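K.L.:
Dropping a prediction and its sequence here:
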Amino acid sequence: MFELFSSSWIDVGAVEDVPVRGARVVKTPLGCVAVFRTADNEVFALEDRCPHKGGPLSQGIVHGASVTCPLHNWVISLQTGEVEGPDEGRTTSIPSKIQSGRILLSRAALAARNAA
Amino acid sequence: MAQKLIVIGAGMAAGRLLEEIFDREPGAYDVTLFNAEPRGVYNRIMLSPVLAGDTTYEEIVTQDDAWYAKHGVKTHFGCAVTAVDPTAKTVTDAKGGVHTYDKLIVATGSNPFIIPVPGHDLPGVVAYRDLEDTEAMAKLAKTPNAKAVVIGGGLLGLEAAAGMRIHGAEVTVLHLMPTLMERQLDEAAGSLLRRSLEEKGVKVLTGANTEAVMGDAETGVTGVRLKDGTEIPADLVCMAVGIRPNAGLGKEIGLEINRGVIVDDQMRTSLPDIYAVGECVEHRGQVYGLVAPLYEMAKVLAAHLTGDAEAAYVGSVTSTKLKVTGCDVFSAGDFAEGEGREEIVFRDAAKGVYKRIVLENDKIVGAVMFGDTADGSYFFQLLKDGSDVSDIRETLIFGPAFANGSSLDPMAAVAALPDEAEICGCNGVCKGAIVEAITSKGLTTLGEVQAHTKASSSCGTCAGLVEQVMALTLGDGFEKKTVQPMCGCTDLTHMDVRRLIRAKQLTSIPDVLQALEWKTSCGCAKCRPALNYYLLAEWPGDAVDDNQSRFINERVHANIQKDGTYSVVPRMWGGMTSADELRAIADVVDKYDIPSVKVTGGQRIDMLGVKKEDLPAVWDDLGKAGFVSGHAYAKGLRTVKTCVGKDWCRFGTQDSTGLGIQLEKRLWGSWTPAKVKLAVSGCPRNCAEATCKDIGVVCVDSGYEISFAGAAGLDVKETEMLCKVETEAQVFEHVEALLQLYREEAQYLHRMYKWLAQVGMEHIQQRVVQDAESRKALAGRFHFSQSIFQRDPWAERAKGAVDGHEFKPMADVA
């Protein structure tokens, strides 16, 4: 109930800080995380690495709930991190939520990324 | 004996609660009702019709003095509650009266959120919450030449704006987000709503960040200033940016509070015998601001208070309707796209209708519609019931009329048309004439029908209809021409889309998606960049560049590399440079620790491996040395390569270097369908390799040979001759006209040689060489376009003023 103040979520900024149909980068000790905002104002967070050749997904074009990687046009689902279409692969998805206009990322998921 | 029930607040939730209690068990409670406002319960959601003059306050009062008397309710209106003692179970009011209770209801509602900008407390700033606000707005709006600003383009703000506009006030809506009502609508519906409001005379500014309300305490409000410096004069400012649960009293009492007073499924607070209901509560993490959930809560609480142990509130699914005459908007549920979700989109461009249903596991999870909302409640019911719609999916979007009938056959509709029905409006061709032409002349292709009847040969919007007539007439003999559609979002080709953007005067991406009946709600990574280019090329100065529809390189004006760093190529006019320029580049390379420096094939210097965050500072340093962007990343003019020409070369016939520099200065900054590379050689030995460029000029003794449509990439092609001219001025006019024709006609991502293959040399020579008037007009349009687009994107971004968010991480959680 008081998640905003507890340590399980990290506040990384306001929803408006991310352009609609765009993305911003959050730096972490384990590498960058891409925070996306869709046309419907949903927010998703993924490891900022395409499973194909490590392209920075934060730089891609956001359409629907997907992003197209800027390097070789692989399409990644923002919800699951899975590659869509004929290609295969998955990038780590980080649980996120919006509370009172702020974007919160799961602290545990951020910390656990490199273990995988 | 009746129990004592004290209700704090006489809003819509409290009103409905009392009605339900008296209905279920009259006499069970002895009710005392407090309200800080000096009146009883009225239908607050009808304030917009009151503002618009469609009804009056008297009409919307739901509980009057007689009603309270009949039910024995003791009323204390205009009298706030100042303290509650939960142990003694007493309430103290502002007049010092102390009242005991058995059960206490907190129904303190919500407060409008006032943005704490300078001037927010000036006279003339109102919220849109109660009758006083409504009356203030109605009074102002009826004054001649009144000007009002509404901050907030949500439900309430738009109703306030439309209401004031009806009385003749000049109204401007300021909305922080890019889309109106973005919490309820998607981009497509928001864009239609905006257009509809603008047609009513309401001005709408999106992305408008209010900095201050201007004015002083004596004269009151004079206007609003935005963060970008824009000032909008106003006599009244209505802040309608949202509401916050009013949990102040609850907090004083000692109830558990988060955003609102926390209640369980029986509306119980954290203290015994104290309940809360309405907009002041937080239930399962949700707070509500619409009337339906408040009524549901009131019903549950009334049942609970009259002995129904089973009654439980489990949260609400809400739907929204905008109460603005002529703007029919409906929204319900969650319509975001996502894995496992499918959407059904229906657009009727002629009628201005947009409907979108989002399905998950064969159930409706969201619906948004504009223009025709008659089926809103039908979809909402299916959504709330969680009905499986797989059986009616084919015709679902057409509403209940078709839900249980046979599936729709568009061919049947065409078959049913009489012979005199008009198919092509532009050329006045009816169905009978098309059928007659097909049968008597043995036509089998759309092209033949267009040639013989002229049907669909102008704007082309009826081409689909003509094809259906052909299919009906020819039966199996008709084979639809297989064309490559632009992408999976549409059946139209690139060329169809370009033509229709022009014919229908479409100026924004949402306009195109609606008018051309796109099958997705917001396009994809293939069509969006193409549409953005087509719009900018067609309507320079009017179409707004959509950054999010651009590929990353054009968004940040550098070339992304495989490791996520960027390369930076400054412009070197005609390939000429100087000691000062080279020194500046060397300094930048040292200062920003740039790992690689390379000379490019286009006679430029490329700095590779620049960190994205460093780009603005790199550009700033390069700008100080006189460099502008080399657009090495753009679908636009890249480089003009030159040889040294007659200044130095013993074979040189003309000043090829000077000509190349002048060409580059005229052409740089223009957006084109694909990259454009030029070269100018000073003699037929062609050291600048002009004959494998998009446009090449080869100087000869008697003048200049202009050729184009060469390539040295995926395909290797020699250029083809356009014409030979005698003066540099003629070179400029011909090259500019050629480039403009390419900009206007080619398919996105097609380089010039593909365009030539598509339209043919005869057409291009006719427009650029033979027809002098056409050439001048093309060059004129190019000059106009350049007056808009020839700007250095680096200079604009060097100081961080433009797109600063692109270059800075959002947060660092190290």
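P.N.:
Great, that's in hand.

K.L.:
Enumerate the residues of the stretch 251-400 of chain B near chain A.
P.N.:
B:Asn258, B:Arg259, B:Ile262, B:Gly285, B:Phe335, B:Ala336, B:Glu337, B:Gly338, B:Glu339, B:Arg341 (C-beta under 8 Å from any C-beta of the partner chain). Quick note: C-beta positions are derived from backbone N, CA and C, even for glycine.

K.L.:
Give me the PyMOL select line for those residues, limited to the buried ones.
P.N.:
Those of these that count as buried under 16 or more other C-beta atoms under 10 Å in any protein chain shown are selected in PyMOL with:
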select buried, chain B and resi 259+262+335+336+337+338+341
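
K.L.:
By mean pLDDT, which helix or strand of chain A comes out lowest?
P.N.:
None of the helices or strands of chain A scores lower by mean pLDDT, DSSP states H and E than helix A:107-112, at a mean of 88.

K.L.:
pLDDT added to the residues of the stretch 251-400 of chain B next to chain A, as CSV?
P.N.:
Below are those laid out as CSV (pLDDT from 0 to 100):
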residue, pLDDT
B:Asn258, 92
B:Arg259, 89
B:Ile262, 95
B:Gly285, 87
B:Phe335, 75
B:Ala336, 74
B:Glu337, 73
B:Gly338, 73
B:Glu339, 74
B:Arg341, 84
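
K.L.:
tell me the phi and psi of residue 81?
P.N.:
Just going to use chain A. Dihedral pair for A:Gly81: phi 80, psi 0, per degrees, to the nearest 10.

K.L.:
switch to chain B, that's the one I care about
P.N.:
Taking degrees, to the nearest 10 as the convention, B:Val81 sits at phi -90, psi 130.

K.L.:
Please identify the residues of the stretch 651-800 of chain B in proximity to chain A?
P.N.:
Taking C-beta under 8 Å from any C-beta as the criterion, the stretch 651-800 of chain B has no contact residues with chain A.

K.L.:
how about the residue in the stretch 651-800 of chain B positioned nearest to chain A, what does it touch?
P.N.:
Going by C-beta to the nearest C-beta, chain A is nearest to B:Leu749 of the stretch 651-800 of chain B, at 12.5 Å. Contacts for B:Leu749 (C-beta atoms under 8 Å, 6 or more residues apart in numbering or on different chains) come out as B:Ala530, B:Lys635, B:Pro673, B:Ala674.

K.L.:
How about the contacts made by the nearest residue to the third one once chain neighbours are set aside?
P.N.:
Closest residue to B:Pro673 in three dimensions, ignoring its sequence neighbours and counting by C-beta to C-beta, 6 or more residues apart in numbering or on different chains: B:Ala746, at 4.2 Å. B:Ala746 is in contact with B:Pro673, B:Ala674, B:Met752, B:Lys754, B:Trp755, B:Gln758, counting by C-beta under 8 Å, 6+ apart.

K.L.:
Contacts made by stretch B:358-369 with the rest, please.
P.N.:
B:184-186, B:189, B:328-338, B:340-344, B:353-357, B:375-376, B:379-380, B:382-383, B:386-390, B:393.

K.L.:
pLDDT on that stretch, on average?
P.N.:
Across stretch B:358-369, the average pLDDT comes to 90.

K.L.:
same check, this time on stretch B:169-189
P.N.:
Stretch B:169-189 comes out at a mean pLDDT of 89.

K.L.:
Quickly check: it near chain A or not.
P.N.:
Yes - looking at stretch B:169-189 against chain A by C-beta under 8 Å from any C-beta, the contacts come from B:Leu176, B:Met177, B:Pro178, B:Thr179, B:Glu182, B:Arg183, B:Asp186, B:Glu187.

K.L.:
quick one: the fourth one from B:Cys238, how far?
P.N.:
From B:Thr179 over to B:Cys238 the distance is 20 Å, taken as C-beta to C-beta, to the nearest Å.

K.L.:
so where is chain A shaky, pLDDT-wise?
P.N.:
A:1-7, A:86, A:114-116 (pLDDT under 70).

K.L.:
ok, 90 please
P.N.:
In the predicted model of chain A, residues A:1-8, A:29-30, A:39-41, A:64, A:71-74, A:84-88, A:100-101, A:108, A:110-116 satisfy pLDDT under 90.

K.L.:
most centrally placed residue in it?
P.N.:
A:Ala45 (1.8 Å; C-alpha atoms, centre = their mean).

K.L.:
ok so it is a helix residue?
P.N.:
No - assessed with DSSP: H, G, I helix; E, B strand; the rest coil, A:Ala45 is strand; it does not lie in a helix.

K.L.:
is it in a bridge, and if so with what?
P.N.:
The partner list for A:Ala45 in beta bridges (DSSP bridges) reads A:Val35, A:Ile94.

K.L.:
these two touch, right, B:Ser785 and B:Pro540?
P.N.:
Yes - using C-beta atoms under 8 Å, B:Ser785 is in contact with B:Pro540, at 4.3 Å.

K.L.:
More neighbours: which of those two?
P.N.:
B:Ser785 (22 against 19; other C-beta atoms under 10 Å in any protein chain shown).

K.L.:
residues touching the more buried one, list them.
P.N.:
With C-beta under 8 Å, 6+ apart, B:Ser785 has these contacts: B:Ala537, B:Pro540, B:Ser670, B:Gln740, B:Arg743.

K.L.:
picking that back up, so the residue of the stretch 651-800 of chain B closest to chain A, which state does it fall into?
P.N.:
Taken by three-state DSSP, the conformation at B:Leu749 corresponds to coil.

K.L.:
gap between it and B:Arg499?
P.N.:
18 Å.

K.L.:
mind showing which ranges of the stretch 51-200 of chain B have poor pLDDT?
P.N.:
For the stretch 51-200 of chain B, the ranges with pLDDT under 90 are B:51-63, B:112-115, B:128-132, B:142, B:154-156, B:166-168, B:177-179, B:181-192, B:195-196, B:199-200.

K.L.:
So which residues on it come close to chain A?
P.N.:
B:Leu176, B:Met177, B:Pro178, B:Thr179, B:Glu182, B:Arg183, B:Asp186, B:Glu187.

K.L.:
Could you confirm A:Leu105 falls within a strand?
P.N.:
Yes - assignment of A:Leu105 by three-state DSSP places it within a strand.

K.L.:
what number of residues lie near it?
P.N.:
23.

K.L.:
just checking, it touches A:Ile10?
P.N.:
Yes - with contact defined as C-beta under 8 Å, A:Leu105 counts as touching A:Ile10 (5.1 Å).

K.L.:
which ones are touching B:Ile45?
P.N.:
B:Met12, B:Val291, B:Lys323.

K.L.:
Look up the closest residue to the residue nearest the centre of chain B, ignoring the ones flanking it.
P.N.:
The residue lying closest to the centre of chain B (C-alpha atoms, centre = their mean) is B:Glu187, at 4.4 Å. Using C-beta to C-beta, 6+ apart and skipping the chain neighbours, the partner closest in space to B:Glu187 is A:Ala39 (4.7 Å).

K.L.:
right, and the one you found touches A:Arg21 too?
P.N.:
Yes - counting by C-beta under 8 Å, A:Arg21 is a contact partner of A:Ala39 at 5.3 Å.

K.L.:
what residues do these two have in common as contacts?
P.N.:
The overlap between the contact sets of A:Ala39 and A:Arg21 (C-beta under 8 Å, 6+ apart) consists of A:Val62, B:Cys522.

K.L.:
hey, what's A:Gly22 bridged with?
P.N.:
In beta-bridge terms (that is, DSSP bridges), A:Gly22 pairs with A:Arg37.

K.L.:
Surely it and B:Gln548 touch.
P.N.:
Yes - counting by C-beta under 8 Å, A:Gly22 does reach B:Gln548; the two are 5.1 Å apart.

K.L.:
what's the neighbour count on the nearest residue to B:Pro118 once chain neighbours are set aside?
P.N.:
Using C-beta to C-beta, 6+ apart and skipping the chain neighbours, the partner closest in space to B:Pro118 is B:Ala212 (4.2 Å). Close neighbours of B:Ala212, defined as other C-beta under 10 Å, add up to 15.

K.L.:
ok, B:Ala212 touching B:Thr222?
P.N.:
No - using C-beta under 8 Å, B:Ala212 is not in contact with B:Thr222; the gap is 11.0 Å.
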